[in-house]
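S.K.: predicted structure and sequence below. I'll ask about it afterward.
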Amino acid sequence: MGRLQHHKVLKLPTSSTAASSDTLQHQWNANFIPPPVPNSADGLVPKYESPEDIIRRVSSAPDPVHDDALSFDPRATFPTLPLSGNVISATFCVPYKIRYGPNGRWELKPRPGTSALFDSFSYLASPDSPWKHTLVGWTGEIDRLPDPNSGTWQPDGTMTVLPLNKASAPIPLNKSIKPMQLNEVTEVRIPMESQRSLEKMLEEDHGGCVEPVWLPDAHDDDGTILLRDQHKWRRYGEHELFTLFHYKQNEPSDGRAAKKAYEDYEKMNKAFADAILAVYRPGDVVLVHDYHLLLLPKLLRQRVPEMCIGSFLHIPFPSHEYYRCLTKRKEILEGVLGSNMIGFQAYSYTRHFASCCHRILDTEANPNGVDYAGVHSHIDVSPIGINATATLQSAFGSPVIEQHLREMLEQYRDKMIIIGRDRLDSIRGVVQKLQAFEIFLERHPEWHGRVVLIQVTSPTSIEDRDDKGDKTEAKISDLVSRINGNFGTLSFSPVHHFPQYLTKEEYFALLRMADLGLITSVRDGMNTTALEYILCQRDRHSPLIISEFSGTAYSLREAIHINPWDLSGVADAVHKALKMSDKKKKARHQWLYDYVKNNTIQHWTNDFLKKLLISMTAFNQNQTTPLLDLDALRDRYRASKRRLFMLDYDGTLTPIVKDPDAAIPSDRVIRTLKSLASNPNNAVWIISGRDQNFLNEWMGHIPSIGLSAEHGSFVRPPGSTEWENLTAKFDMSWQDKVISIFDQYVARTVGSFVERKKIAVTWHYRRADPVQGVYNASKCHDQLNSLVVPYYPVEVMTGKANLEVRPSFVNKGEIAKRLVEEYGSSVEVEPDFVLCLGDDITDEDMFRSLRQSKVNIDHVFAVTVGPSEKETQARWHLQTPEDVVSAIAMLNNSADPDDFEEAGSSGVLGKSEVAGSRSRLS
């Protein structure tokens with residue numbers, strides 16, 4: 001067969017055009033409820049019983065279109081959550097391709113692809129759902145409707161479906177009309193009244209509330225917007241994220257284009273945040289979909305901390321080895337971790353995500369959840385489904401499809417038909433499929449002339465269009481020509497390749513006539529073709545071969561799983577599938593059919609929302625620690641004369657760093673502490689886990705500051721240079737035993753080391769591989785608890801990437817108690833102002849001690865450093881060490897100059913120091 005003969009055009013019945021008007025058009029509409037479908041499957045779907053305990057996971061459910069048991073009253077089921085009953089869904093594009101014409105005329109057509117997601121939106125807005133629904137999405141690229149009076153021809157399509165190269169660009173029939181060039185910039189100007197007109201059409205005429213996000217390049221004073229480079233909003237998501245998440249890497253570049261693309265990506269996510277907040281009401285649930293909007297959860301969380309946010313990634317999530325190649329890797333993770341729950345298609349994706357969070361953000365993470373910045377983000381596996389009822393109606397309820405089916409069966413009479421339908425890019429595995437089919441024909445000559453592979457490839461997306469090195473189309477063309485040339489005849493071609501979009505009628509007819517479905521994607525998230533194929537095989541029971549690298553494969557256990565890179569294995573699987581007995585086909589298909597029929601998009605939607613609300617209930621993240629009231633702090637400071645400051649060091653005065661020796665105080669910290677301690681009415685203490693040498697080196701030159709080392713084991717009072725050992729009489733023989741155990745784990749954990757203090761012994765693994773460090777720390781902790789703790793009065797403390805063994809009676813709470821009790825020993829009164837600041841679990845002992853003290857609770861400001869959502873004994877919080885220093889500096893600036901005069905020379909400072917401090921404050 002010649003090279004040019006492999007491109008075929010799928011023949012349509014002569015009556016298809018007329019008949020198609022009577023066919024149900026499968027487009028997104030919130031008010032669409034399909035009629036009952038004839039069903040030849042055996043048995044009835046069992047009734048679903050709602051769990052009494054809301055923590056129990058929903059594991060199975062019937063088709064909710066015909067069973068109301070799955071629908072639940074969210075406010076009755078979750079009475080502790082202040083739910084409004086409204087769901088806001090954020091998706092990259094609205095479900096329509098939009099064109100704008102002269103005189104403000106709009107044209108809306110169903111957008112191809114992501115039909116399952118659009119069906120989820122349709123269900124949420126339908127009467128079958130217990131929710132009210134608002135959809136927020138970008139308008140997508142808005143094309144201009146053809147103007148018959150213009151001198152430029154425009155194709156009947158959207159800007160996103162551009163020809164792949166100049167040679168494949170469509171040629172107009174009228175030679176006098178100039179064809180549109182690939183590099184031609186299309187500008188669209190839309191006045192304000194036309195914008196409002198589209199918004200009204202979307203809201204009133206197409207079911208449900210749809211709020212479009214406008215992303216203009218410029219605005220006029222009258223509200224007219226200019227749309228020019230509309231593709232730029234896709235570039236970062238589709239060229240950087242989509243590519244990397246599918247285990248592909250772009251060619252190295254200077255990074256300027258990627259930087260500009262990320263700026264547009266960030267700007268787009270901010271526009272979505274603005275659009276959502278414009279319609280958000282307290283108690284609304286926000287669902288964020290897919291990789292274009294990964295920054296959105298954090299942006300929303302920053303502006304509404306109590307918002308209930310769920311995210312779902314519809315594509316794979318890569319392993320850490322690939323993900324860390326992303327230049328904005330930290331920003332993307334932090335963005336999505338603004339969600340209360342993050343959903344993935346398969347369990348392996350949750351492991352990859354947790355590993356990336358653990359290694360890149362240095363936070364506690366596992367496949368069940370991630371704790372970052374004090375917030376818990378639950379991770380869940382939620383394989384998405386399709387609208388089974390609508391799919392069956394579309395596949396079996398149309399006379400046009402029946403006519404297509406009859407004609408195709410006649411055309412391929414006496415042939416076994418293998419069906420493949422993929423997008424034209426390398427991750428879909430079309431090249432591997434053709435190579436495996438070639439091996440199949442080589443090994444099994446008995447199938448020559450009896451098997452036909454019908455491969456349909458729809459146009460690729462923008463990410464591969466920018467990849468100059470991608471030769472997928474040429475490889476497919478060469479393989480089809482080679483196979484047809486080697487194994488075909490003048491009257492028969494074993495491969496029929498259709499590089500085109502199919503009509504719905506053609507598509508379902510192909511799925512129904514197939515003897516085998518073949519999906520060989522090398523990396524895939526959700527594959528709706530597999531699910532639709534199973535439903536369309538309701539009567540024939542033909543088997544399905546699916547790649548194990550597809551996220552959908554995890555759910556379809558009775559399908560035949562293959563490794564697309566093992567071409568011989570795929571060829572063998574094709575042979576076995578074609579030879580499979582009818583009994584085995586039926587048994588396998590029955591399980592698959594029941595799964596797809598029961599795990600519908602409606603079930604997925606309800607299940608995901610239930611899990612999100614369960615997570616909100618379980619972790620109760622609405623109970624937050626309020627931000628420190630600086631006005632109240634300043635007022636109390638001014639009204640007091642006996643002030644006590646107890647400040648942690650690491651994570652409070654300085655940020656946490658990987659190298660503990662690098663956590664040195666900044667000049668601003670030193671100046672602020674000197675100024676604070678120069679006031680004779682202020683007793684300032686640094687209470688740290690650091691040893692004496694470190695505190696002497698960096699804080700010892702400020703004589704008016706008291707120092708406490710090793711969690712209160714040693715103290716150096718203000719004005720003194722001598723350290724007091726509070727554990728001098730304690731038996732320290734346990735240290736040798738602990739060090740011997742720690743040395744074992746140093747040998748096992750590259751990058752870890754032991755720090756021997758005078759009282760405590762610490763094993764640090766911050767420089768080690770984070771996964772190995774956490775694992776070995778757990779093992780070491782168990783070993784210490786079994787070999788040391790039962791025999792010595794010590795305790796094992798888990799810190800930030802460290803384990804510390806110390807005497808059990810030594811903690812920051814004891815030193816805080818002592819400072820409060822001894823503060824006013826000479827005048828027999830307690831302090832009338834206490835500011836205690838700390839960031840980790842060891843500082844909770846101080847907060848707890850202050851709660852039990854006799855100091856007036858209104859005079860105590862126990863402040864944890866970190867996010868408001870973390871559990872703490874503190875009454876207030878500050879976000880960062882920078883906020884801590886700013887708050888102390890504010891107190892310095894608000895000090896009463898009389899403080900220095902009243903204290904005179906009786907304080908720890910000399911008169912010259914007092915005068916110098918006073919001049920600085922003035």
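M.R.: Sure, I can see it. Just so it is clear, the structure is predicted and the values come from calculations on it, not from any experiment.
S.K.: and the longest helix belonging to the chain, what other elements does it pack with?
M.R.: In the chain, taking DSSP state H as the definition, the longest helix is helix 256-279. Applying 3 or more C-beta pairs under 8 Å, 6 or more residues apart in numbering; DSSP states H and E, one finds that helix 256-279 makes contact with strand 86-93, strand 132-138, strand 209-213, helix 232-235, helix 296-303. The C-beta positions use only the backbone N, C-alpha and C, and glycine is treated the same way.
S.K.: redo these as a markdown table? Include distance to Gly551, mean neighbour count and mean pLDDT.
M.R.: Putting the helices and strands packed on helix 256-279 into a markdown table (distance: least, C-beta to C-beta, whole Å; neighbours: other C-beta atoms under 10 Å; pLDDT from 0 to 100) gives the following:
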| stretch | distance to Gly551 | mean neighbour count | mean pLDDT |
| --- | --- | --- | --- |
| strand 86-93 | 19 | 23 | 95 |
| strand 132-138 | 23 | 23 | 94 |
| strand 209-213 | 28 | 21 | 92 |
| helix 232-235 | 22 | 21 | 94 |
| helix 296-303 | 21 | 20 | 94 |
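S.K.: please produce CSV containing these, extended by distance to Ile401.
M.R.: Output for the helices and strands packed on helix 256-279, formatted as CSV (distance: least, C-beta to C-beta, whole Å):
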stretch, distance to Ile401
strand 86-93, 28
strand 132-138, 30
strand 209-213, 30
helix 232-235, 33
helix 296-303, 40
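S.K.: quick one: closest of the ones you listed to Ser886.
M.R.: Among the helices and strands packed on helix 256-279, the nearest to Ser886 by C-beta to C-beta is helix 296-303 (18.9 Å).
S.K.: what residue ranges in this structure score low on pLDDT?
M.R.: Low-confidence segments of the chain (pLDDT under 70): 1-71, 113-114, 147-186, 205-207, 374, 460-470, 620-623, 824-828, 895-922.
S.K.: middle-most residue in it, spatially?
M.R.: By C-alpha atoms, centre = their mean, the mean C-alpha position of the chain lies nearest to Val336, the distance being 3.9 Å.
S.K.: quick check: closest non-adjacent residue to it.
M.R.: Leaving aside its chain neighbours, Val336 sits nearest to Leu294 (4.9 Å; criterion: C-beta to C-beta, 6 or more residues apart in numbering).
S.K.: tell me how many other residues crowd Gly488.
M.R.: Per other C-beta atoms under 10 Å, the neighbour tally for Gly488 reads 19.
S.K.: was I right to think it contacts Arg482?
M.R.: No. At 10.3 Å, Gly488 does not count as touching Arg482 under the criterion of C-beta atoms under 8 Å.
S.K.: follow-up on the earlier one: check contacts around the residue nearest to Val336.
M.R.: Leu241, Asn269, Ser311, Ile332, Gly335, Val336 (C-beta atoms under 8 Å, 6 or more residues apart in numbering).
S.K.: so where do the helices sit in the stretch 601-750 of the chain?
M.R.: Under the criterion DSSP state H, counting those that start in this stretch, the stretch 601-750 of the chain contains helices at 601-619, 630-639, 667-677, 692-699, 734-748.
S.K.: just these: most buried one?
M.R.: helix 601-619 (a mean of 22; mean count of other C-beta atoms under 10 Å).
S.K.: so which elements touch that helix?
M.R.: Contacts defined by 3+ C-beta pairs under 8 Å, 6+ apart place helix 601-619 against helix 74-77, helix 115-124, strand 285-289, strand 308-312, strand 341-344, strand 375-381.
S.K.: if you set the cut-off to 7 Å instead, what comes out?
M.R.: Packing contacts for helix 601-619, counted by 3 or more C-beta pairs under 7 Å, 6 or more residues apart in numbering; DSSP states H and E, involve helix 115-124, strand 308-312, strand 341-344, strand 375-381.
S.K.: nearest approach to His589 belongs to which of these?
M.R.: Closest among the helices and strands packed on helix 601-619, using C-beta to C-beta: helix 115-124, at 20.8 Å.
S.K.: output the contacts of Leu294 as CSV; include the columns distance to Ile534.
M.R.: Listed next are those as CSV, based on distance: C-beta to C-beta, whole Å:
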residue, distance to Ile534
Leu241, 30
Asn269, 36
Ser311, 28
Ile332, 34
Gly335, 35
Val336, 31
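S.K.: mind giving me the ChimeraX select for those, buried ones only?
M.R.: The following ChimeraX line selects those of the contacts of Leu294 that are buried, judged by 16 or more other C-beta atoms under 10 Å:
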select :241,269,311,332,335,336
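S.K.: of the contacts of Leu294, closest to Val746?
M.R.: Using C-beta to C-beta, Ile332 comes nearest to Val746 of these, at 34.1 Å.
S.K.: so what does the helix or strand the closest one falls within touch, helix or strand wise?
M.R.: Using DSSP states H and E, Ile332 maps to helix 329-336. On a contact count with 3+ C-beta pairs under 7 Å, 6+ apart, helix 329-336 meets helix 296-303, helix 347-360.
S.K.: which one of those helices lies closest to Ser253?
M.R.: Between Ser253 and the helices and strands packed on helix 329-336, the tightest spacing by C-beta to C-beta is seen for helix 347-360, at 22.4 Å.
S.K.: and that closest one, what's buried?
M.R.: 348-360.
S.K.: check the offset of it from the chain's centre.
M.R.: 11 Å (C-alpha atoms, centre = their mean, to the nearest Å).
S.K.: name the residues that touch that helix?
M.R.: Residues from elsewhere that reach helix 347-360 (C-beta atoms under 7 Å, 6 or more residues apart in numbering): 316-320, 323-324, 329-330, 333, 344, 363, 365-367, 370, 372, 379, 381, 554, 770-771.
S.K.: give me that answer again for 8 Å
M.R.: 313, 316-320, 323-324, 329-330, 333, 337, 342, 344, 363-368, 370, 372, 379-381, 551, 554, 769-771, 774.
S.K.: distance of Ile276 relative to Gly101?
M.R.: Ile276 sits 30 Å away from Gly101, going by C-beta to C-beta, to the nearest Å.
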